[in-house]
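Visitor: sequence plus predicted model, see below.
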Amino acid sequence: MSGGSDKLISIKETIASGAGWLESRGVPEARLNVEHMLAHVLGCRRLDLYLQFDRPLMENELEPLRLMMRRRAAREPLQHILGTVEFAGRTFHCDARALVPRPETEELATRVVAMLPEGFGGRVLDMGCGSGVLGLTVAAAFPACRLVLADVSQEALALAQENALALESAEDSESESASGKFDFVRTDLFDSLDGRFDVVLANLPYIPTDEIAGLEEEVRRDPVTALDGGADGLDIIRRFAQGLPSALEEGGFAALEVGEGQAEAVAALLEAAGCGGAHVERDASGRGRFVITAPLGGPSSTAGG
């Protein structure tokens, strides 16, 4: 990676030396990070690097890679550096305006898509949408639905709108434009929302305030408003639970991602607020991370997942 020699180095050598340099600075998955950044610089897929391992790299290719490496060594999230994130098989814009989507959020999106009937055309709310990837993934699976993306942050909503426009372009939609199928509302929870919804998705801030300082450096690059859930992490979720029953259509349900160890308490909050039954589902690691309410007005369910 040194720029002081006239000797050209290959892709293979660059990956090896770059990974060692990032590892020495405590960056996890260093080799994978270098591969993603180099593929971004070269405009190819990461796996394509393996087909040209011996190809020498020019200085005009190495210099942008060095800049990206320095940013990653400073623990800037890889997704911010690349400007994109892979989520449920699609590529979305990602930057410091909103939370970097987590694997658990992708799991929640997949579960909700599986729960909905073929041809679903109801009204969906992505509350605290951030970059919008949760709601947009559901909307992409059900082109007839109407999606409202809501957030207290105008910057996050701007990012969500960019992702909505990119999604429609990628899907080559010929029916409705982003302004027709998607609505963007700046609101403090339900304050500025009208009407009721068949599905409410929520990945709200749930980190207890005094735990934020101890999070990984990359996570602390996310907006604090997307992380801070108050003293016990449930302040915003409590307010959400109080407003949820009046926002759900008859037969509608809500699906939430919550912090590890919070799911049973959140289910109890939702039931106490009048949302009917709520049950906990476990993530791929076996942790209770998702809370799903029973259809409003339908039979309750309090299974522990």
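Guide: Thanks, I have it. Note that the coordinates shown come from a computational prediction; the quantities given were computed from them, not determined experimentally. Numbers count the residues shown, from 1 in each chain.

Visitor: next one, pLDDT for the residue lying closest to L296 once chain neighbours are set aside please.
Guide: Using CB to CB, 6 or more residues apart in numbering and skipping residues adjacent in sequence, the residue nearest L296 is L248, 4.4 Å away. All C-beta spots, glycine's among them, are computed from the backbone N, C-alpha and C. On the pLDDT scale, L248 is placed at 96.

Visitor: my read: L248 touches A254, true?
Guide: Yes - with contact defined as CB atoms under 8 Å, L248 counts as touching A254 (6.8 Å).

Visitor: kindly provide the distance from the residue nearest to L296 to D95.
Guide: 32 Å (CB to CB, to the nearest Å).

Visitor: which one's more surrounded, the two?
Guide: Higher neighbour count among L248 and D95: L248, with 23 against 18, using other CB atoms under 10 Å.

Visitor: show the contacting residues for that one.
Guide: 196-198, 200, 254, 275, 293, 296 (CB atoms under 8 Å, 6 or more residues apart in numbering).

Visitor: which stretches of the stretch 1-150 of the chain form helices?
Guide: 11-23, 30-42, 59-73, 78-82, 103-115, 133-141 (DSSP state H, counting those that start in this stretch).

Visitor: what is in contact with L248 and A254 at once?
Guide: Common neighbours of L248 and A254 (CB under 8 Å, 6+ apart) are 200, 275, 293.

Visitor: just confirm the first one contacts S246, I think it does.
Guide: No - using CB under 8 Å as the test, V200 is too far from S246 to be in contact (11.3 Å).

Visitor: neighbour count: these two, which is higher?
Guide: The neighbour comparison of V200 against S246 (other CB under 10 Å) goes to V200, with 28 against 10.

Visitor: tell me the contacts of that one?
Guide: 124-125, 127, 244, 247-248, 252-255.

Visitor: closest to D188 among the residues you listed?
Guide: Nearest to D188, judged by CB to CB, of the contacts of V200 is M127 at 10.8 Å.

Visitor: that closest one contacts F240, correct?
Guide: Yes - contact criterion CB under 8 Å: M127 and F240 qualify, at 6.9 Å.

Visitor: quick one: which of the two has more around it?
Guide: Ranked by neighbour count (other CB under 10 Å), M127 and F240 place M127 first, with 28 against 24.

Visitor: the more buried one and I236, how far apart?
Guide: On the measure of CB to CB, M127 and I236 end up 10 Å apart.

Visitor: tell me where the stretch 201-305 of the chain has strands.
Guide: Along the stretch 201-305 of the chain, the stretches classed as strands by DSSP state E, counting those that start in this stretch are 248-257, 278-282, 288-293.

Visitor: and those strands, which is most packed in?
Guide: strand 288-293 (a mean of 24; mean count of other CB atoms under 10 Å).

Visitor: okay, now the sheet partners of it, with direction.
Guide: Strand 288-293 has its sheet partners listed here by DSSP bridges as strand 248-257 (antiparallel), strand 278-282 (antiparallel).

Visitor: among the ones you listed, which comes closest to G26?
Guide: Using CB to CB, the nearest of these to G26 is strand 248-257, at 27.8 Å.

Visitor: and the angle from that closest one to helix 103-115?
Guide: Angle of strand 248-257 versus helix 103-115, following axes from the mean of the first three to the mean of the last three CA atoms, to 10 degrees, is 150 degrees.

Visitor: span of stretch 208-228 from start to end?
Guide: 6 Å (CA to CA, to the nearest Å).

Visitor: quick one: name whatever helix or strand follows the helix-or-strand element of the chain with minimal mean pLDDT.
Guide: Here the helix or strand of the chain ranked lowest by mean pLDDT, DSSP states H and E is helix 178-181, holding a mean of 56. Remark: after helix 178-181, the chain's next helix or strand is strand 182-186, criterion DSSP states H and E.

Visitor: and the contacts of that next one?
Guide: 139, 146-154, 157, 160-161, 164, 192-193.

Visitor: what's the answer for stretch 206-220, then?
Guide: Contacts of stretch 206-220 (CB under 8 Å, 6+ apart): 75-77, 100, 224, 227-234, 236-237, 258-259, 262.

Visitor: any idea how far A73 is from L67?
Guide: For A73, the distance to L67 - CB to CB - is 11 Å.

Visitor: compare the two (neighbour count), which wins?
Guide: More neighbours surround A73 than the other of A73 and L67, with 16 against 13 (other CB under 10 Å).

Visitor: just give the nearest non-adjacent residue to that one, would you?
Guide: Closest to A73 by CB to CB, 6+ apart is R25, at 4.5 Å.

Visitor: got the confidence number for the closest residue to E76 other than its chain neighbours?
Guide: Computed as CB to CB, 6+ apart, the closest residue to E76 that is not its neighbour in sequence is R221, at 6.3 Å. Listed pLDDT for R221 reads 94.
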